[in-house]
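Q: quick one, structure for this:
(chains A, B and C)
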Amino acid sequence: MSKGNTAALLILCLLVFSLPILIKGSYILTIGIFIGINALVAIGLTILMGYAGQVSLGQAGFYGIGAYVSAILSLKYGLPVIFSILVAMSVSAAAAVILAVPALRLKGHYLAVATLGFGEIIYVILNEWGPGGPSGFGDIPHLSIFGYTFTTSQEYFYIIWGCVVLVMLFSLNLINSMTGRALRAIHGSEVASLAMGVDVVRLKIKVFILSALYASLAGALYAHYVTFVSPSSFSLFYSIIILMMVVLGGMSNIWGGIAGALIITVLPEVLRGFKEFDILVYGLILTISLLFMRKGIVPLMSDLFKRGERRPSRIQG
Amino acid sequence: MFTVFLQFLFSGLTTGAVYALVGIGFNIVYNSTSIINLAQGEFVVIGGLMMWLFLEGLKLSFMTSIILTLAVAGSIGLIMERLTIRPLLKKADLLLMIMVTIAVSILMRGILMFKFGKEPYSYPPFTEGEPIIVYGAVIQQQTLWVIFITGLCIVLLYLFFNKTLLGKAMRACSVDPRAARLMGINVSRIVMLSFVISAVIGAVGGIAITPISLMEYDKGPMLAVKGFCASIMGGLGRGRGAVIGGFVLGILESLTAGYIHSGMKDAVALIIMLFILFVRPAGLFGSAEVARLRRF
Amino acid sequence: MNKGLRLLLSILTALTVFSFISISQAKEPYKIGAIFSVTGAASFLGEPEKNTVLMLVDEINRAGGINGHPLEVIIEDSKSDETQAVLAAKKLLEKDNVLAIIGPSTTGESMALVPIMNNAKTPLISCAAGAGITNPVQERYWIFKTPQYDTSAVEAIYTHMKKHGITKVGIITIATGFGDAGKKALHDLAPKFGITIVADERYGPKDSDMTTQLTKIKASGAQAVINWSVGPGQVVVTKNWHSLKMGIPLYQSHGWGSKKNIELAGKAAEGVIAPLGRLVVWDKLPDKHPQKALLKKYEEDYKAHYKGEPGTFGGHAYDALMMVVEALKKAGPDRKKIRDYIENNIKNWPGTGGIFNMSPKDHCGLDMSAFEMVVVKNGDWEILK
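A: The predicted structure is shown next:
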């Protein structure tokens, strides 16, 4: 792992550790919790899109599977929460495989649309057959380990951001390993990497599964934090929001996932004052940032930092 | 029994016609730019709401309202292209372009909501009168108008693309923009024209359907998804395909709601779409080889 | 000192003394929170609710506030999304330290807030209809709601049907929380009134054509059709029902109560029957009716301030706010006292939704009698006897 990344990771740990101590109010912590949850999904999508070069407009589907499966198992069947979360993640991974095998043969727009279709079908299933249908259901048990139940925002902040840190650690290592380099090769040119002996198909499926795992973990954590779920949180709109986070934060760098999650989760809170105008302002900000900050925030920032150095531009993965 | 089936069919034709128009809009833009304009659905909404504004709000004549509405829709398509698509077309990758169209659709929705609020709007059908009964099934006069107008658009577009120089130039661009440029075709103007035409077509759909199903500021996304399914079904980029795709989709939705389970209606479009994508991505009419060769 | 200077000095002194008195007399505002779906799918609920609250707060403060304390209502937009509602509630409870929260506009959002409000020991007066919001009442100590139960609306419809000998109905509901709750109530209560549901259809919130579903209902032999939705779906179903010439009566839910619906449906709306809150038919009520005066004033004030009519939804916010205001006035700015007041002292209380009778067993306080059976005649409402 590069020095820059290690340093960033340490800074993140420091921030995560100190924030709940400095800020007592649970309103800001709650926003932080939602940023963390969204970041988990965004990081997975960043790896899929930015490194493996595959598009997905259906992450809300995996997010929803994670939330619903974990909620149902722990509420209706009384299974321990941690176990439910793990089962939910496995179900999500299975769904990813079922989707990925036919879908990853498609390219570009077609893949995007196939994933969109997947996400929508999950939404329809949740809406029609999920407990409570469109109204959703509540009383989902909080997270608990060895008998201790987590209830406060402080605790959840630590848990969720702890997961983010672990996920970042894992992902950063992945990027820099052989697998990561193989991934970037695929993004550059599939034909070339095939010629170099990379098992393109299997690798793509694995990354898809990874993004599904991250998203379903986030969904399960969401369910056990809010203790209430309804299909409206898992619609196409959410998939688009996550996509926006990835693109805005910067697809080529997984820190972009956190940056994008931060900006887009906070934006509606900042816009609260605008009431009627908020959709307008939202769309305006998004359009302008996409037009003028194409690479995304994080690469933009790191480019600014590196301005002094002469460096041949790396092939953006 | 037959009456019931016929009724389902008519219901499907109504919605199918709008899907077809949206699908055609997608195709036109896709052909000249390889972009999928996810704001396509918003043009339908603009068509319906603007028509209300001119017809009911400002009490202008019917023809004047239509002309003004189409002019407004076309201009918005133009502005969208100039401000957001043109600057990025050569530089950015296609995924970013799709994201930009999503952002623009959110922006458009925000503006529409600001001006029109969230309530539904409607205006009287083009011809007042009792619905027509065919073998016991009822078909509203406005539905016939919707189908007629869709048919008219298809004919006009066919003539345009096949009989006029400009239309042929657009087709040239869709096959190979570089070659087209070499032949002296102004590709960037073609791109602009494609956005304008697709905006106008979308608006036509909105104008026709509003008397039947009302129009609100946020009907865009659902129409975009369904219209997109229609164009995928027909094979992305093939005008004829989108039309057939749209009607087939509308009818299949209606039949599913009728014979299977009305809650499943929305899933139909998606399942069909996924099926086609996995089994025959070129769609019903596209050629498999061409689909593979197309740059993305 | 010359005369001019003396005059100036006295005026200044007077002003200083006067302002000192009024500053020390300026009372702390009473802060209440409100969460409405001002934007998003349920904005047709949230917007009139927000407007109503703004109008009432202005009126109350101009009349001197509550026992001299100005009333401050902090309104948050939940964008019809539960996550946003949760965030809004947390902000209101922790940052603004509100004494009570009114809203949210939808059942889903209200349900999401139940554990939060119970934990924060702060009263919530929801403007959503779901029965689950206030049941089971032992677990809803801090939760109340002002809209009528959907079960009461169903009872009203079935009672009318029974009187007219209808035993077979076809139902068509929207695939949202509201529609589902109605569907459940329709099924649950049918046997009690000797009614069989022979067709059960659904449609989505953005669907543009329901002739397919209505055709199936017509073919099922139903003697009446009941539509359960709010929003444009009601109008589309009405238009489709009319053009299909179904020949059987169409009943709507209590969400039908808005003149806009009649306007948009045109002549198709003739003959449509629905159980409505009295707000829409106040002018047809006898003068002695306890709700008439306040309904008249509410509708006229709303029309003077905003364009459009408040509809029954705005009325839910009216009732919620006025209950809290009365509790503040009589019991003071204490969360528990407000809660106790609402539970125990809102009896025979005329509101826009009906005449409320809250109790420890019933945190909604309304039943079937809150509705009038109304039919659309000549483009206007008419109370059915």
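Q: in the stretch 51-200 of chain B, where is pLDDT below threshold?
A: B:90-92, B:94-95 (pLDDT under 70).
Q: rerun at 90
A: B:56-62, B:81-107, B:109-111, B:113-144, B:147, B:150-151, B:153-191, B:194 (pLDDT under 90).
Q: what are the ranges of the strands in it?
A: B:132-134, B:137-139 (DSSP state E, counting those that start in this stretch).
Q: ok, the closest residue to residue B:199 other than its chain neighbours to residue B:232 distance?
A: Spatially, and ignoring its direct neighbours in sequence, residue B:199 is nearest to residue B:77 (2.8 Å; C-beta to C-beta, 6 or more residues apart in numbering or on different chains). C-beta: built from backbone N, CA, C; applies to glycine. Noted for residue B:77: a distance of 22 Å to residue B:232, by C-beta to C-beta, to the nearest Å.
Q: now the strands of the stretch 51-200 of chain B in a markdown table, please, with extra columns for mean neighbour count and distance to chain C.
A: A markdown table is the format used below for the strands of the stretch 51-200 of chain B (neighbours: other C-beta atoms under 10 Å in any protein chain shown; distance: least, C-beta to the nearest C-beta, whole Å):
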| stretch | mean neighbour count | distance to chain C |
| --- | --- | --- |
| strand B:132-134 | 12 | 9 |
| strand B:137-139 | 22 | 5 |
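Q: picking that back up, tell me, how many residues neighbour the residue nearest to residue B:199?
A: By other C-beta atoms under 10 Å in any protein chain shown, 30 other residues sit near residue B:77.
Q: residues touching it, list them.
A: B:43, B:195, B:196, B:197, B:198, B:199, B:200 (C-beta atoms under 8 Å, 6 or more residues apart in numbering or on different chains).
Q: again, but for residue C:326
A: C:341, C:346.
Q: would you list the strands of the stretch 51-200 of chain B in TSV and tack on distance to chain A?
A: Listed next are these as TSV, based on distance: least, C-beta to the nearest C-beta, whole Å:
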stretch	distance to chain A
strand B:132-134	32
strand B:137-139	28
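Q: reformat the ones you listed as a markdown table; add distance to residue A:205.
A: Shown next, in a markdown table, are these (distance: least, C-beta to C-beta, whole Å):
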| stretch | distance to residue A:205 |
| --- | --- |
| strand B:132-134 | 51 |
| strand B:137-139 | 48 |
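Q: quick one: closest of these to residue B:150.
A: strand B:137-139 (14.7 Å; C-beta to C-beta).
Q: in the stretch 151-300 of chain A, what residue is nearest chain C?
A: Closest residue of the stretch 151-300 of chain A to chain C, C-beta to the nearest C-beta: residue A:228 (4.1 Å).
Q: isn't that residue right up against residue A:137?
A: Yes. Using C-beta atoms under 8 Å, residue A:228 makes contact with residue A:137 at a distance of 7.3 Å.
Q: enumerate the residues of the stretch 51-200 of chain A near chain B.
A: Residues of the stretch 51-200 of chain A that fall close to chain B, judged by C-beta under 8 Å from any C-beta of the partner chain: A:55, A:102-103, A:105-110, A:112-114, A:116-118, A:120-121, A:124, A:128.
Q: who touches the residue nearest to residue B:113 when sequence neighbours are not counted in this structure?
A: Spatial nearest neighbour of residue B:113, excluding adjacent residues (C-beta to C-beta, 6+ apart): residue B:217 at 4.5 Å. Applying C-beta under 8 Å, 6+ apart, we find residue B:217 in contact with B:45, B:49, B:109, B:112, B:113, B:116, B:117, B:118.
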